[in-house]
Structure formats: C-alpha cells, structure tokens
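# here's my sequence, what's the structure:
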Amino acid sequence: MKSVNQRARYALQIAAALLIVCVCGVAYIFLSMNWGDGEHDSLSPVIALAEPPATGAESATGQVSGNSNVPDVNAKRVDQNQSIPEAVEWQAESYAAVLAGTEIDGQLQVDSAGNLVLDLSVKDFFDYFLSAVGEVSAADAILEIQKQAQARVPDQAVQQVMQLLESYVAYQHALQEIMDQSLRPPEEQNYTYFAETMEKTFEHIKRLRREYMSPEAADAFFRLEEAYAEFAVNTMKIRAKDHLTPEEQAIQIRALEAKMPDNMHSAQAAARESAELANQARDLFDAGEPEVVIREQLSKNYSTETIDSMLEHYQREQDWQNRLDQYLALHQYVQDSVSDPAEQQQQLETLRHAYFSDDELPRLKAHEAIYRKTVLAQGALP
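This next block holds a predicted model:
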C-alpha cells in the first residue's frame, strides 16, 4: 500500500485539480467581490439598460426562444459576406489598470444568419472583462462587454450576447450558495469524506449551470471542464479505496482515462508524464540526492527557470514537513497528557501558532483532514 506521504500527495494533486477546474477560475473573481455599485441591487436592471429592445420572447434562463433567432452551437463560423462592425483597437489600461498590456481574450463569432456561435471563446470573452470587477464596477464591466459586442457582431447577436451574459452572471451568483456550505467538523473529515463531498458539489454545480443557462450554452462553456472534473472526482474515489493495491488503482484510473474526450487524451498523458517525473524528482530530493542529479532528472521536461522554482518549492515543502512532524508529535502529547478539554484546546491552539503562520493554518487543517483516515487508525492524529 502507499505510504502516508504518497497518499497525501495524490490527494492534494487531485483535490487541487478538481477545485481549480470546477470551482475556481473566474468563480473566485465573482464570489470575492461586491457586485453592487450603489446604483443597482442586481445585475438584471443593468443588463436591461445595456441591451437593445428584445425582438423575441425570452425564457427564464435569459435565452431567446420561440420564433426568434437563437445562438446555434453547431452553426458554421462567420460568413465573410456578412456585414459585421469593425472592432476598434483595444487599449486595456483605459478600461482597467489590472489588464494593462493585455489583449482581449476569447472572441465573438456569428453564423451565416447573423446569430451568435456558442463556444468556449464566448466564455473567455466574458471572463476577460469581468475579471476586472473590483477595480471597475459590475455595471461598467457589463456595459464594456456590450460596447465591445456592438463593435464586433450584428445587432441580433449583440442581444444574444447580453442575454447569455445575464444568465452566466446569475449562475455565478448562485454558485456562492454552494461555496458557503459548511463542512463537517474537522474530527469527522477524512479522505473518503472529501471525495464524496467533491462528487456532490460537482453534480450540484452541473445542475446549477443548466438551471441558469440553456443546455447548449452550459455545454459550450463547461463541456471540457466538466469532463475533466468528472475524471478528477472519480480518481479521488479510487484513491480512497484502501482495499485496492496501487496497481489495481492504476488500472481503474486508466479505464477512466479511456472514457475522456479524444482531445483531452494527449493533454492528460502529458500531464501524467510530467507529474510522474516531478514525483520521481521529489523522491530523489527527499532521499537527499545531490542537486545536480535532481536537475538532470527534471531537465527532461522542464526549463532551467522552472527547475529553479521547483527546487525552491521542494525546500519549502521539506521545511513544512519537518515542522508538521514536530507539531504532530507535540499534538499527540497534549492529547495524552492534558485531560481538561478547555485547557487542551488552548494548548493546541498555542501549538499551532508556534509552528505555523496564520496563512499556513488553513493548509494545516486541510492536511489533517486528508490524513485523518489513515493516521487516525494508527493513533497519531485525533
């Protein structure tokens, strides 16, 4: 079976991948700032002011329905004979200093009928402007998107852009409720619990996206993201199966990889190769091998600058592990020697702050939770 350190490394890699893919990205931008700008209590009135009058009935998700023209995810790309406004030269710093020196990410395209083409580049386009919210108001970000859309696509596609934007932002607001859900007390958390929690959260997010956005829009925006998130969740579940040997776990994970979309196979294979190489280099570092040997190993896939960064990271992690080992030993001593619960908690809190900075405490709690299932059985962690 895997050592505690190896299991934890897998846990952190998979948990990080899932959180980045499923929840983070622009979600952090949306959830960490106040969208109110003093003039609007919600985004709907802002968008209503920004978009042209509707020409067709709208569904609850903000997508045009009925006999109106709707964005077609399978439509052909831009018809070169279509009359499309000429985009003005972009000066990012005039919009937000945080974007200075950058180019607009994503793009807006229309089909031969002048309807918006739904694909991931539309989401990238939205995220680029919304990433500056905080420096600019939500209303200004939305109006800038409307302005840029007007400079790039015909009027009916502009309307579709703004309707899609409304549903996308509404989804991001609803996502906050999921993020605000509390976890179990630390003593009840373990690796299996995190795997189950991730699975439930992932399924909840998938449903939420399709409640606020049309199915075709949700698929266009999140299809690849969800495919990898599903892979990450299922990988976590396999890693949580203590009764499986590492070889059996690897076989099941390979079976999961075979079900991934074709365009993700090569990326996943490259990521796995890099991860295995990095793990081998880390093992050499932990074993005290000379730096020149580690650099030679890493040079197969990484630049000199990246290797420098990785070695610095290894050193920081070694320092962390040394402090963690000392902390756990003293933690157990306090547990065994102090009978009064209040006094015990006070000493443990003092112990945490003696070994870890405030910024490191969340990681400590996550570390304890991930290890809990394995280490608790050994009597080394409460």
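# following the lowest-mean-pLDDT helix or strand in the chain, which helix or strand comes up?
Lowest mean confidence among the helices and strands of the chain (mean pLDDT, DSSP states H and E): helix 43-50, at a mean of 34. Sequence order places helix 92-95 as the next helix or strand after helix 43-50, per DSSP states H and E.
# so for the helix or strand following that following helix, what gets flagged as buried?
The helix or strand immediately downstream of helix 92-95 is helix 120-130, counting by DSSP H and E. For helix 120-130, burial by neighbour count (16 or more other C-beta atoms under 10 Å) applies to Val122, Lys123, Phe125, Phe126, Asp127, Tyr128, Phe129, Leu130. C-beta coordinates here come from the backbone N, C-alpha and C atoms, glycine included.
# now stretch 141-157
141-146, 148-150, 152-154, 156-157.
# doesn't Ile294 make contact with Leu277?
No - with contact defined as C-beta atoms under 8 Å, Leu277 does not count as touching Ile294 (11.0 Å).
# neighbour-wise, which of the two wins?
Here Leu277 and Ile294 are compared on neighbour count by other C-beta atoms under 10 Å; more neighbours surround Ile294, at 21 against 15.
# now Ile238: how far from Thr245?
Taking C-beta to C-beta, to the nearest Å as the measure, Ile238 falls 12 Å from Thr245.
# same thing with Gln280?
Taking C-beta to C-beta, one finds Gln280 at 20 Å from Thr245.
# looking at the two, which one has more neighbours?
Gln280 (14 against 11).
# doesn't Ile104 make contact with Arg152?
No - using C-beta under 8 Å, Arg152 makes no contact with Ile104, being 9.6 Å away.
# re the thing from before, would TSV of the buried residues of stretch 141-157 with pLDDT, secondary structure and distance to Lys200 be doable?
Listed next are the buried residues of stretch 141-157 as TSV, based on pLDDT from 0 to 100; DSSP: H, G, I helix; E, B strand; the rest coil; distance: C-beta to C-beta, whole Å:
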residue	pLDDT	secondary structure	distance to Lys200
Ala141	91	helix	32
Ile142	91	helix	32
Leu143	92	helix	37
Glu144	94	helix	36
Ile145	94	helix	33
Gln146	94	helix	37
Gln148	94	helix	38
Ala149	95	helix	36
Gln150	95	helix	41
Arg152	94	coil	40
Val153	95	coil	39
Pro154	95	coil	43
Gln156	93	helix	40
Ala157	94	helix	37
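# now, which of the residues you listed sits nearest Val338?
Ala141 (53.3 Å; C-beta to C-beta).
# who touches the closest one in this structure?
Neighbour list for Ala141: Phe129, Leu130, Ala132, Val133 [criterion: C-beta atoms under 8 Å, 6 or more residues apart in numbering].
# okay, now the closest residue to the third one other than its chain neighbours: neighbour count?
In space, Ala132 comes closest to Ala96 once its chain neighbours are excluded; the distance is 3.6 Å by C-beta to C-beta, 6 or more residues apart in numbering. Close neighbours of Ala96, defined as other C-beta under 10 Å, add up to 19.
# isn't Ala96 up against Val136?
Yes - at 5.3 Å, Ala96 counts as touching Val136 under the criterion of C-beta under 8 Å.
# okay, now the unreliable bits of the stretch 151-300 of the chain?
For the stretch 151-300 of the chain, applying pLDDT under 70 flags the ranges 180-191, 263, 265-268, 271.
# okay, helices next: where are they in it?
Per DSSP state H, counting those that start in this stretch, the stretch 151-300 of the chain has helices spanning 155-179, 191-212, 215-239, 246-258, 262-286, 291-298. These are given in chain order.
# kindly reformat those as a markdown table containing distance to Glu343.
Formatted as a markdown table, the helices of the stretch 151-300 of the chain follow (distance: least, C-beta to C-beta, whole Å):
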| stretch | distance to Glu343 |
| --- | --- |
| helix 155-179 | 35 |
| helix 191-212 | 29 |
| helix 215-239 | 37 |
| helix 246-258 | 43 |
| helix 262-286 | 37 |
| helix 291-298 | 45 |
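# residues contacting Glu203?
Glu203 neighbours (C-beta under 8 Å, 6+ apart): none.
# would you mind measuring from it to Ser299?
Going from Glu203 to Ser299 by C-beta to C-beta gives 42 Å.
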